[in-house]
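> Pasted the sequence and its predicted model underneath.
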Amino acid sequence: HSERGRPDPAPSHQNKMPTLLTDPRSGGARKSSGVNVLPIVAETWARVRNDGDPTTYLIAGFDGTSRTDVTVIGRGEGGIEGCAGNLPVRRACWGGCRLSSGRFVTFYYVDEGTSPMQKGRASMYKNGVLNVLEGSDTEVDMRPGVREEDIVGGGKHGRNTVSSGASTAHVEEISAVSNESTGPVSLPHGVDPLHREQAL
């Protein structure tokens with residue numbers, strides 16, 4: 001029982017955590033990552049997702065010199081190849097593309113010349129930005145010169161650069177397995193269902 005002006009008899013270490021979480025200066029919630037994805041990003045992504053719109057990719061990045069505002073810095077036609085040909089120099093970016101199959105993928109790309117400070121912020125904000133790009137099947141390894149067939153595993157070397165957790169060697173090994181089965185096939189552990197055709 002605490003009376004006005006008397007300290008609570010409970011040890012102070014028991015009060016630290018609840019006080020921290022309910023401190024009015026904290027707003028009672030944890031601080032967010034601080035990223036501010038401008039509405040134009042979601043609006044442009046809706047165009048990418050619309051099969052009737054010619055826009056098939058978007059690239060989002062920091063708005064000018066802002067450290068928290070993210071806007072569209074590139075968009076256009078050409079899907080993966082169009083996007084790969086327009087990645088920014090010395091900047092980090094996030095984005096998404098419509099594949100020729102009608103599926104959607106997202107990416108996070110950091111050019112080699114990007115400042116360490118921007119790399120750190122961009123990495124910290126990655127989930128906040130990519131969460132705005134709803135309906136994506138997976139995140140891919142975007143880089144200059146990449147083609148859609150390289151991303152989805154149909155390239156001349158059978159490489160699969162999709163971030164699915166399966167290594168390239170593992171996917172190539174599975175690709176070598178005979179494909180004579182005509183019935184339903186269960187997928188080996190670690191194979192992304194999006195790429196089962198290439199993996200089996």
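Everything's here; your move.
> And for whichever helix in the chain runs longest, what's in contact with it?
Looking across the chain with DSSP state H, the single longest helix is helix 116-130. Contacts of helix 116-130 with the rest of the structure, by CB atoms under 8 Å, 6 or more residues apart in numbering, involve 32-35, 37, 41, 60, 62, 67, 70, 91-94, 96, 106, 108, 110, 114, 136, 139. Quick note: C-beta positions are derived from backbone N, CA and C, even for glycine.
> Also stretch 51-60?
37, 41, 44-45, 47-48, 70-80, 82-83, 86-88, 93-98, 102, 129, 133.
> So residue 43 versus residue 75, what's the distance?
When distance is defined by CB to CB, to the nearest Å, residue 43 is 10 Å away from residue 75.
> go on, residue 39?
Distance check for residue 39 against residue 75: by CB to CB, it reads 14 Å.
> These two: which is more packed in?
Under the criterion of other CB atoms under 10 Å, the comparison of residue 39 against residue 75 puts residue 75 first, with 20 against 9.
> Kindly tell me how buried the residue nearest to the more buried one when sequence neighbours are not counted is, as a neighbour count.
If you skip the residues right next to it in sequence, residue 75 has residue 58 as its closest partner in space, 4.6 Å away by CB to CB, 6 or more residues apart in numbering. Residue 58 sits with 26 neighbouring residues when counted by other CB under 10 Å.
> Are we agreed that residue 58 is in a strand?
Yes - the secondary structure assignment for residue 58 places it in a strand, going by DSSP: H, G, I helix; E, B strand; the rest coil.
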